[in-house]
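1. Here is my input; please provide its structure:
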Amino acid sequence: MNKSKKGLISFIIIIAVLVLAFLFIPAGKLQIGNNIIYGDYYDTAYDAYLHNNDSVDIKKENATVEVTDNCAVWLAETDENEMYVSLMDIKDGKYCSFGNAYCYGYDASDFKSTKISLDSDFQAGNDIIKWEIVPESVYEKSNLKDNAQCSAVKIKAHDVKGNEVDSLFVYQVEEKNQ
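-> Model prediction:
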């Protein structure tokens, strides 16, 4: 076999390998339900948000709350004075966005009662994360304050009227019924 045929065969093999690699090697993110099979992980939850192609304009990051060993909730404020609450997967200390997010119209004046229920939730793997954002002054008098199953993280948040409110991200992790 002469050199030109060997070169042509080598070139065809290289092209075939590249085409097969392109077709079968994963790129981006594969998510089935609430489980990320593979995806791109970033050093911060904000970086994961930026690479999720979400079109919400973020004004300020509030907190990244690691609610389990492999799941976090990222809190930020939008230009519209809404809370952006996003679920993140954690692997090796890095974050990947599940794509599950709420724009939450946080109005501190809505809390007229100290009976607070954790109405919002995310599902991640076998866990359900129930959560609420509440003014700290309301939480201190609430039914959740002494609930051992609840955790609370302090955040500085602006409500929908633009008022800065000392607030808490209150959450509870429950195992999903199989």
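2. Give the bridge partners for the residue positioned nearest the centre of the chain, please.
-> Closest residue to the average C-alpha location of the chain: L87 at 2.3 Å, with CA atoms, centre = their mean. Per DSSP bridges, residues listed as beta-bridge partners of L87: V73.
3. what does the one 4 residues further on give?
-> Residues in a beta bridge with K91, per DSSP bridges, are K94.
4. So it sits against D40, correct?
-> No: with contacts counted by CB atoms under 8 Å, K91 stays clear of D40, the gap being 10.7 Å. All C-beta spots, glycine's among them, are computed from the backbone N, C-alpha and C.
5. With neighbour numbers in mind, choose between the two.
-> Each of K91 and D40 has its neighbours counted (other CB atoms under 10 Å); D40 has more, 15 against 12.
6. so that one sits right up against C96, yeah?
-> Yes: the criterion here is CB under 8 Å, and D40 meets it with C96 at 6.5 Å.
7. Pairing partners for the nearest residue to L50 once chain neighbours are set aside in the sheet, please.
-> Nearest residue to L50 in three dimensions, chain neighbours excluded: Y42, at 8.0 Å (CB to CB, 6 or more residues apart in numbering). Here Y42 sits in beta bridges with Y95, going by DSSP bridges.
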